[in-house]
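Undergrad: Quick one, what's the 3D model for this:
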Amino acid sequence: MGIFDRGVAKTKQSFFQKVSRALVGKSRVDDDILDAMEEALVATDMGVDTTLKIIDSLQDRVEKDKYMSMEELVGMLREEIGALLDESGNASAVEPFDFSRKPYVVLVVGVNGVGKTTTIGKLASMLRKDGKKVIIGAADTFRAAAVDQLQIWADRAGVDIVRQNMGSDPASVAFDTVSAAVARDADVVLIDTAGRLHNRVDLMNELTKIRNVMRKVVPDAPHDVMLVLDSTTGQNAFQQTREFLKATQVTSLAVTKLDGSAKGGVVIGIADQFHIPVKFIGIGEGVDDLKVFDRNEYIESLFSMEDLKKK
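TA: Residues are numbered from 1 along each chain as shown. A predicted model of the protein is given here:
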């Protein structure tokens, strides 16, 4: 089983179970099969708007050939989803960071509990193994657990961490981190931030202040504002994206816990609805279970012809 297969196994099983029921005794695609496919896609938490966009397009294509096979229909589904991801900046597997900009500064945002701190730790480990010099900034100074957890990950990954006392100004931590990165000739800076959304104005002010102080050291920082989302939260992930977009500019996504959910379609829905590229997906608890998002491999794993032939 491949990397992405493990990440979307539950989503794939749920999808094909629903669609296969509508196939019994039928030799061609009809409205019942399209209805079943629509229901199956919605169940993956792809979102109603994105699902209807896909189904309407499929319906138009099926009209031209009533005797299209189910295998051909799934092939078209893959094409439609690929086109949606293309439009959102996921055209192909590319280097997620522009290492010609040094240090490359990533501001990581997301609500508490989505795996934000863990994602930073896994990302630091990935980059370190790739030969990059990484510095982490523990700017979530409101939760002792977050800073301590980040310290553990930094030690495990073998990278430097900049931290201050609890309750310190997050912008001060960010400033010290990028300053240290410049002084130590680091390649990448990963800044953790507080995951509060109860007061969007406070969040916006805090992120704006962090951005402004970092630019005193690195004028075009941050180069990436990465929103971490938990795939198991389903439609809540859409709402979290909307809220963070009101507070700051989000330039990329990292979607965690795909292996523990049948909601893998959330990757497609959020990329389509908000036109934000997915850079990383989390598919397990291990340090190596954060992977660069590959649009082609993801679609192949999610809608594999081999799974169709088994039904």
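
Undergrad: correct me, but Met126 touches Gly282?
TA: No: counting by CB atoms under 8 Å, Met126 sits too far from Gly282 to count as a contact (11.4 Å). Glycine gets a C-beta too; all of them are placed from N, C-alpha and C.

Undergrad: who has more neighbours, these two?
TA: Gly282 (27 against 19; other CB atoms under 10 Å).

Undergrad: what ranges do the strands span in this structure?
TA: Using DSSP state E, the strands assigned to the chain run over residues 104-109, 134-138, 160-162, 188-192, 224-230, 252-256, 278-282, 290-292.

Undergrad: Could you check how far the third one is from the centre of its chain?
TA: With CA atoms, centre = their mean, to the nearest Å as the basis, the distance from the averaged C-alpha position of strand 160-162 to the chain average is 25 Å.

Undergrad: The second one too?
TA: Per CA atoms, centre = their mean, the displacement of strand 134-138 from the mean C-alpha position of its chain is 20 Å.

Undergrad: Strand 104-109 and that one, what's the angle between them?
TA: Relative orientation of strand 134-138 versus strand 104-109 (axes from the mean of the first three to the mean of the last three CA atoms, to 10 degrees): 30 degrees.

Undergrad: and strand 134-138, what other elements does it pack with?
TA: Judged by 3 or more CB pairs under 8 Å, 6 or more residues apart in numbering; DSSP states H and E, the packing partners of strand 134-138 are helix 116-129, helix 144-157, strand 160-162, helix 170-183, strand 188-192.

Undergrad: rewinding a little: shared neighbours of Met126 and Gly282, anything?
TA: Leu290 (CB atoms under 8 Å, 6 or more residues apart in numbering).

Undergrad: before we move on, the earlier item: CSV please, covering the strands of the chain and showing mean pLDDT.
TA: Compiled in CSV, these are given as follows (pLDDT from 0 to 100):
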stretch, mean pLDDT
strand 104-109, 97
strand 134-138, 97
strand 160-162, 97
strand 188-192, 97
strand 224-230, 95
strand 252-256, 93
strand 278-282, 90
strand 290-292, 89
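
Undergrad: For those strands, give me CSV that also has distance to Tyr298.
TA: Shown next, in CSV, are the strands of the chain (distance: least, CB to CB, whole Å):
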stretch, distance to Tyr298
strand 104-109, 22
strand 134-138, 26
strand 160-162, 32
strand 188-192, 24
strand 224-230, 15
strand 252-256, 10
strand 278-282, 8
strand 290-292, 10
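
Undergrad: Quick one: closest of the ones you listed to Glu87.
TA: Closest approach to Glu87 among these (CB to CB): strand 278-282, 12.8 Å.

Undergrad: name the helices or strands packed onto that closest one?
TA: Checking 3+ CB pairs under 8 Å, 6+ apart, strand 278-282 ends up next to helix 116-129, strand 252-256, helix 266-274, strand 290-292.

Undergrad: Need the residues that contact the second one.
TA: The set of residues external to strand 252-256 that reach it, using CB under 8 Å, 6+ apart, is 96, 108, 114-115, 118-119, 123, 224-231, 237, 241, 266-267, 270-271, 276-282, 290, 293.

Undergrad: What of stretch 234-251?
TA: Residues from elsewhere that reach stretch 234-251, judged by CB under 8 Å, 6+ apart: 45, 47, 109-111, 114, 197, 200, 203-204, 207-208, 224-227, 229-231, 233, 253, 255, 263, 266, 269-270, 273-274, 276-277.

Undergrad: Check those for burial and list the buried ones.
TA: 45, 47, 109-111, 114, 197, 203, 207, 224-227, 229-231, 233, 253, 255, 263, 266, 269-270, 273-274, 276-277 (16 or more other CB atoms under 10 Å).

Undergrad: For the stretch 1-150 of the chain, give me the ranges with low pLDDT.
TA: Applying pLDDT under 70 to the stretch 1-150 of the chain flags residues 1-27, 65-68, 91-94.

Undergrad: One more: the stretch 151-300 of the chain?
TA: In the predicted model of the stretch 151-300 of the chain, residues 197-200, 260-262 satisfy pLDDT under 70.

Undergrad: what's the spacing between Glu72 and Ile152?
TA: Per CB to CB, to the nearest Å, Glu72 is found 50 Å from Ile152.

Undergrad: ok, now Asp230?
TA: 20 Å.
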